[in-house]
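In: Quick one, fold the following:
(one chain, ligands or ions: 3)
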Amino acid sequence: MKAVLLGTTAGGGFPQWNCACSLCVRARSGELPARSQDCLAVTGNGTDWWLVNASPDLRTQLAACPLLAPGPGPRDTPVRGALFTDAELDHALGLLTLRGGAGLTVRAPDAVLHALRDQFDLRTVIDGYAPLEWRSAESSFEVAGLRVTVIPVSDKRPKYARSSTVDGPWVVAYSFEDLASGGVLVYAPCLASWPDGFDEVVAGADCLLLDGTFYAGSEMGSATGSASGQAFMGHLPVVESLPLLERFPDVRRIYTHLNNTNPLLDPSSPESASLRAAGVEVVADGTVVEL
Ligand code: MLT
Ligand code: MN
Ligand code: ZN
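Out: Ligands and ions are numbered 1, 2, ... in the order given. Take a look at the predicted model:
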């Protein structure tokens, strides 16, 4: 299996267009590397690739990734479709970039498929260019030489769908097992709390890509000076997940979906040093994991 971390930040990216926090200022000046919004691509057979989430930065993410380049025919692409972990805009808007692409499939939890019709009708808009196949991501299925297992995570609805009465799960994680190599990758970019049974999921993985949105729950307020800015916003902070991750030293553990206020974006911060001491990583956009 190959997995490409196409983007590694939370909604807004790094730097975020309207943010003057000290980290965004340093990214704008080039002192820290800019990063795009969370998105993954996976393949088991090396020829068929699936996006996992579709970020608003998808056009530049695809252009920067030789493994996902079009060809050999003039309109051939190795991209077969996208799996969604949730219906958040930073995970869904990239579908608009794929409009007109022939033969693509989207697989998502039922609640997400509903939201993308009932609250934010991306489905009708996209299907007006070229119809996609919209399929429920049921408990387990195969794509591109990978067995995909759906792991229900939470019922956190996007703000635009807060009034929806559709049953969850609204947020899932995915486990990808390479049917040939046996390698297992778990992708969980939106984790409100440590779900029941997640210990077993992590223990069975070779590599875990985990929600690292906030280092600490107080971060939004202290970085932006906003009194209301507390907010775990449905994301378990690193200070709480890191001690749990330390119990799995044999698993490669990588934080992703970092918010622009997160001190882990600065490799010279004390927080980054603690992470390295725990054997847990933050990696650059474009990093390829092979299992
Ligand atoms: C989230 O991850 O909590 C959402 O993407 C937030 C947002 O984009 O507004
Ligand atoms: Mn997000
Ligand atoms: Zn910022």
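
In: Only C-alpha atoms from now on, for both contacts and neighbour counts.
Out: Fine.

In: For the chain, name the helix or strand with the lowest mean pLDDT.
Out: Lowest mean confidence among the helices and strands of the chain (mean pLDDT, DSSP states H and E): helix 219-224, at a mean of 75.

In: That one close to ligand 1?
Out: No - judged by C-alpha under 6 Å from any ligand atom, helix 219-224 and ligand 1 are separated, with a smallest distance of 12.4 Å.

In: Give the full set of residues in contact with A111.
Out: By C-alpha atoms under 8 Å, 6 or more residues apart in numbering, the contact list for A111 reads 166-170.

In: Same question for R35.
Out: For R35, the contact set (C-alpha under 8 Å, 6+ apart) comprises 7-9, 13-15, 284-285.

In: do that again at 7 Å, thanks
Out: Contact analysis of R35 by C-alpha atoms under 7 Å, 6 or more residues apart in numbering lists 7-9, 13-14, 285.

In: Looking at those residues, which are in helices?
Out: Among these, no residue falls in helices (DSSP state H).

In: got those residues as TSV, with distance to E88 columns?
Out: Formatted as TSV, those follow (distance: C-alpha to C-alpha, whole Å):
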residue	distance to E88
G7	15
T8	15
T9	13
G13	14
F14	18
D285	20
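
In: Filter those down to the buried ones, PyMOL style.
Out: Burial among the contacts of R35 is assessed by 16 or more other C-alpha atoms under 10 Å; the matching PyMOL selection reads:
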select buried, resi 7+8+9+13+14+285
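
In: Verify the assumption that R135 is located in a strand.
Out: Yes - counting by DSSP: H, G, I helix; E, B strand; the rest coil, R135 is found in a strand.

In: which residues does D38 contact?
Out: D38 makes contacts with 7-10, 55, 257, as judged by C-alpha under 7 Å, 6+ apart.

In: Beta-bridge partners for R135, please?
Out: Taking DSSP bridges as the rule, R135 bridges to R107.

In: My read is that it contacts R107, right?
Out: Yes - the pair R135 / R107 is scored as a contact, 4.7 Å apart, by C-alpha atoms under 7 Å.

In: So which of those two has more stuff around it?
Out: Remark: of R135 and R107, R107 carries more neighbours, 20 against 14, as counted by other C-alpha atoms under 10 Å.

In: Could you report the pLDDT at the more buried one?
Out: As predicted, R107 sits at a pLDDT of 98.

In: just to revisit the earlier point, closest to ligand 1 out of the contacts of D38?
Out: Comparing the contacts of D38 against ligand 1 with C-alpha to the nearest ligand atom picks out A10 as the nearest, at 5.9 Å.

In: these two touch, right, that closest one and F214?
Out: No - assessed by C-alpha under 7 Å, A10 is found out of contact with F214, at 9.4 Å.

In: near ligand 1 too, which of the contacts of D38?
Out: Within the contacts of D38, those near ligand 1 by C-alpha under 6 Å from any ligand atom are A10.

In: got the residue ranges for the strands in this structure?
Out: Here the chain has its strands, by DSSP state E, at 2-7, 39-43, 49-52, 79-83, 105-108, 133-136, 140-143, 146-154, 171-178, 184-188, 207-211, 252-256, 287-290.

In: who's V148 bridged to?
Out: In this entry, V148 is beta-bridged to F141, F176, by DSSP bridges.

In: dump the residue contacts of it.
Out: Going by C-alpha under 7 Å, 6+ apart, V148 touches 140-142, 174-177.

In: Show the buried residues in those.
Out: Applying 16+ other C-alpha under 10 Å to those flags 174-177 as buried.
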